[in-house]
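Engineer: Quick one, fold the following:
(chains A, B and C)
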Amino acid sequence: MTTFYAIFIDGMIYASWLFLVAAGLTVIYGVMRILNMAHGSFYAIGAYCAASMVGWYFSDFDGNPYLSYLLLIGCALVAGLVVGVVIEQGLLRFMYKRNELLMIIITYALLLILEDTTKLAFGVDPYFTYQPYALLGRSDIGGLAFANYDLLLVAVSAIIGLGCWLVLNRTHVGKVLRAVIHDREIAVAMGVNVRLMFAGTFIVGTTLGALAGALTAPSISVSPGIGVEVIVLAFAVVVVGGLGSIEGAIVGALLVGMTRSLAVHLAPQIELFVIYGVMSLVLAVRPQGLFGRTLARKI
Amino acid sequence: MKNIVQKTLAVMAAAGTLAAMPVHAAENGKFRVGVVTFLSGAAAGPFGVPSINGAKVLVDALNQGKVPAPYNVKGINGLEIETVVIDENGGATKQVEEFRNLAERHKVDAVVGYISSGDCLAISPVAEELGVPTVFFDCGTSRLFEENKTPRYVFRTGLDAAIDNIAAARYLVDSGRKVEAIAGIQQNYAWGQDSWGDFTAAIKQLKPGVKVTTEQFPKIFQGQYGAEISALALSNPDVIHSSFWGGDMEALVLQGNARGLFDKRSAILTCGESALDRFKGQASNGLIVGGRGPFGAFAPKNTLSDWFHAAYMAKNEIEPTYPAYKMVQAILGLKAAAEKAAAGKAGTVPGKDALVGAFSNLTFESVSGSVNMSRAKGHQALQGIAYGEYHYDAKTKKASLKNIKAYAGECVTPPDGTTAGEWIKAGFPGAKCGG
Amino acid sequence: MIHIDRSMVGLAAATLILAAAGGFVPDWLAFILTLALAKALVVQGVVLQMRAGLVSFGQGLFFCVGGYAVGMGGHFFGINDAPVLLLAGALAAVALAAVLGLLMTRYRDIFFAMLSLALSMILFGVLVKSSELGSTDGFNVHPATFFGLSFKTEAYKTALYLLTVLLAGGGALVLHLVHHSGLGRMWEAIRENEIRVEYLGLSPRWLLYANYLLAAAFAALGGGLTALATGHIDPEMSFWTTSGEFVFIALLGGTSHVAAPMVAAVLFAFVRTYAIEFTPHTWQMILGFVLLGIIVFLPKGLWSLVRSEKRAKA
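Structural biologist: Down below sits the predicted model:
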């Protein structure tokens, strides 16, 4: 029985982390049709900024430890905003006429550049900022201890998911965005400022990526290469759910998270295959992903 | 038609010129050493950077003649040491390409490096083919000299990973802990799989009837171990063994500790020493850590290790960990061998064959004490290994090791001609463990 | 009859010159060229798919199959002749592609890319789990013979270099013919508008199936040659970053001419090796800027340098 609880809770925690990582990717793809290979780098930048600032806060500044959570989120917002604006305004906006494939390669080049930039800025020594993680203590659920920080992350993730959904489905901006997603040309013809929408979306996407990194930073050791590791995970979640769909990313994250948790508890040997196995199976049954739209065939 | 041929050739020729451009003088009166270690990727922080920093400290001091005896001769045999530093990141194929560049374009006199086992296995035959004296300082695969049975140019001054795990099993049993049920969590690649295989085989020999409750193999660089920690905790073992390293190890310790995973049981980390000062009290006291040999915090006190520790601290303002010691050991071994081979003719680069001849079966002084190149036909160092318990003092904010127990090389190393696996299965015949 | 055009003569000439150069270039250069040309073969397959509108982020799958076929042939089956091993690798890859192709040809665009990535990562997982094959450490490849002749160290490398040059040149010639055949034109038509191809009474799916098989064979040849040259294979060959590199080189060169992948692969090898040497800490960044520069200034790849000049003259 405890195993059953554990599978569920572990699955939820992992799924919420996956969703955090994948949300920015799917938002950017949904609106801009850019499969952003550099998404992992935004995650890494967020993690590094948060880890270094929180580390500094605890070592050189004797403030209220609970303020470090604000610092964590603040870092992510600033980092995401700065990186997003610089990349969108400095590079991407000149490239929007290029095809989808070339955009992948452009973001791949960005990934290479950002990886080394992060390394130059933060060094290769891992950052270990455990304080926000250790501060919240643990809860006993069914005889098994869980870190409260991880449980809180489930709630944060749910809020972000709900927020994205509400913006997209219940606001004016969301309506306009959906128009852009549905048919870019008609949206332009209707007087939608697509450039502005693109810039805004990209910045939101990078900020979500940075936020995922910042929220993960206290529970891991922030070291070079963490960005590259999450790219494929995020891709898989987004592809399973259907590219560009927020609901899809939620369901994709839950599916992958739960399956992985099941595997770890019941058959640890197959853990390595879970993510690609789920992806292959879902694509074999539904080629466009669970929530993906089939595109009209244009002659 | 001409146009395309011309263009193709022009591009190729341009590439060719670019390639031929920086042809270094092969003999510039310096001793040229290729140094290969991780400068990027996840292994850079915990292993690559300490090792390259160690190399820098040592090479600078050697070139100024500031290292204590018996290494007070300037550089190597009186020649200034010149290093060519290469990033080990990027996989074995790339490393073979870079090794050939080092040998044939840079015409290095020797290569010191390699942390990844896969890289060592791939480089070993190439080094033999090209005849470049090559010293592996860290990679731990047992397969190295099982496959390269008649090594000539390849040496390893670091220890085999099987030794880590044999000693880990001995330490657990010898310290009188409850070892009835064990569980493991390893990164899912060769290192983790081999470590777990050797450890379980060894502990089953020393403690017959021991039960394995769960074996977790998360993907390397996974970072999130929530489900694994639950599974480990639910299986309720007496001992948790892990060969994790770097960021993965720190994340596991942090996440496990926050959930009380290590509270009621022993846990052993074979690479734990490399993060001794990084755990910052997030590891529970009593956690057993290893340093892959008598390195880092396990290094004995002697003139060389005191000097190195001080010199490293002065330059890097952080404690040197085991990768730094292992790199230094490799370079010292190379220097000792080269000077022995030069046989008093100071200021010359000894012939490659003379160098490797002098290196095999060499005994040299190092930061870890005396090193005996007495295994694998004189190409593999035989050294002891130690484990100890991590203890953190919240007042001084310093970590230290308690209950250290060292094992002699003869106790934990299989004799030549026997693979580690066979030796463990046979019940460690011929092991000399003293009292 | 086969019409001999300028490109073919040019390719044949370049192949002969490269082969002849094998006698003069230093060993390390020959080794880099061997690896680069082997990689170019894989990239030819990627370009082949790109011409039909498909981008594979999993070509490492067949690259790896080719490499492991060569390694395992020597280790477990006692086959030591390079051409036989390469052929075996290509056949194994084609056989695998024949099965996977049934599924893969249903996918387009990003879904083709991601599914191909997933499949290659599953092979990666299987190999990581196979301790008999050395898990992630892989294993060393026995030196091979060439048509029954065995060579010593120096001559061995030259022989391998020549074989690689001939295969790369020959492969490019074959692909050049294919690109200009009816089949090649149909692939381009699929890329432009698949539905119109259907209206012509053709089956895009089976056309792409043939494309997929051919690309797999080329990838396996490249993988086999890489294994022979480095003397070592490991699962990294099937990792997605390896496949990403092939796409990278394909776009670097451009898809308009069969010589482009070769030029791009050689250039890529040099840029990387010198970036690693001069800036060991920031070589990825240099690679990124080079790539970005090419995309911004030469969106159709390096080969557009050749093309634009030609057009200007005409």
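Engineer: thinking residue C:277 is in contact with residue B:101, fair?
Structural biologist: Yes - the criterion here is Cβ atoms under 8 Å, and residue C:277 meets it with residue B:101 at 7.4 Å. Glycine gets a C-beta too; all of them are placed from N, C-alpha and C.
Engineer: And residue A:295, what's its pLDDT?
Structural biologist: Note for residue A:295: predicted pLDDT of 61.
Engineer: Revised request: answer the last question for residue B:425.
Structural biologist: At residue B:425, the pLDDT recorded in the model is 94.
Engineer: That one: neighbouring residues, count only.
Structural biologist: 13 (other Cβ atoms under 10 Å in any protein chain shown).
Engineer: quick one, what contacts it?
Structural biologist: Residue B:425 is in contact with B:201, B:205, counting by Cβ atoms under 8 Å, 6 or more residues apart in numbering or on different chains.
Engineer: Phi, psi for residue C:241 please.
Structural biologist: Backbone torsions of residue C:241, given as degrees, to the nearest 10, read phi -70, psi -30.
Engineer: let me fix that: residue B:242
Structural biologist: Dihedral pair for residue B:242: phi -140, psi 140, per degrees, to the nearest 10.
Engineer: I figured residue B:399 hits residue B:284, correct?
Structural biologist: No - Residue B:399 lies out of contact with residue B:284 (Cβ under 8 Å); the separation is 11.9 Å.
Engineer: per-residue pLDDT, residue B:13?
Structural biologist: 47.
Engineer: can you pull the contacts of residue 245?
Structural biologist: Reading this off chain A. A:26, A:30, A:289, A:291-292.
Engineer: The intended chain is chain C.
Structural biologist: Contact partners of residue C:245, counting by Cβ under 8 Å, 6+ apart, are residue C:39.
Engineer: Where does it sit, in terms of helix or strand?
Structural biologist: Following DSSP states H and E, one finds residue C:245 within helix C:240-253.
Engineer: Let me know the angle separating the helix or strand just after that helix from helix C:240-253.
Structural biologist: Elements were assigned by DSSP H and E; along the chain past helix C:240-253, the next helix or strand is helix C:259-278. Counting by axes from the mean of the first three to the mean of the last three Cα atoms, to 10 degrees, helix C:259-278 lies at 120 degrees to helix C:240-253.
Engineer: any idea of the mean pLDDT for helix C:259-278?
Structural biologist: Per-residue scores along helix C:259-278 average to 88.
Engineer: likewise stretch A:148-161?
Structural biologist: 95.
Engineer: and it with chain B, contact?
Structural biologist: Yes - interface with chain B: stretch A:148-161 contributes A:149-150 (Cβ under 8 Å from any Cβ of the partner chain).
Engineer: then that stretch to CSV, C-alphas only?
Structural biologist: Extracted in CSV, the C-alpha atoms of stretch A:148-161 (Å, rounded to 0.1, in the frame of the first residue of the first chain):
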residue,chain,number,x,y,z
ASN,A,148,8.1,19.7,1.6
TYR,A,149,9.9,21.7,-1.1
ASP,A,150,9.1,19.0,-3.6
LEU,A,151,5.4,18.9,-2.5
LEU,A,152,5.2,22.7,-2.8
LEU,A,153,6.6,22.5,-6.3
VAL,A,154,3.5,20.4,-7.3
ALA,A,155,1.4,23.4,-6.2
VAL,A,156,3.6,25.9,-8.0
SER,A,157,3.5,23.9,-11.1
ALA,A,158,-0.3,23.6,-11.0
ILE,A,159,-0.6,27.4,-10.6
ILE,A,160,1.7,28.0,-13.5
GLY,A,161,-0.2,25.6,-15.7
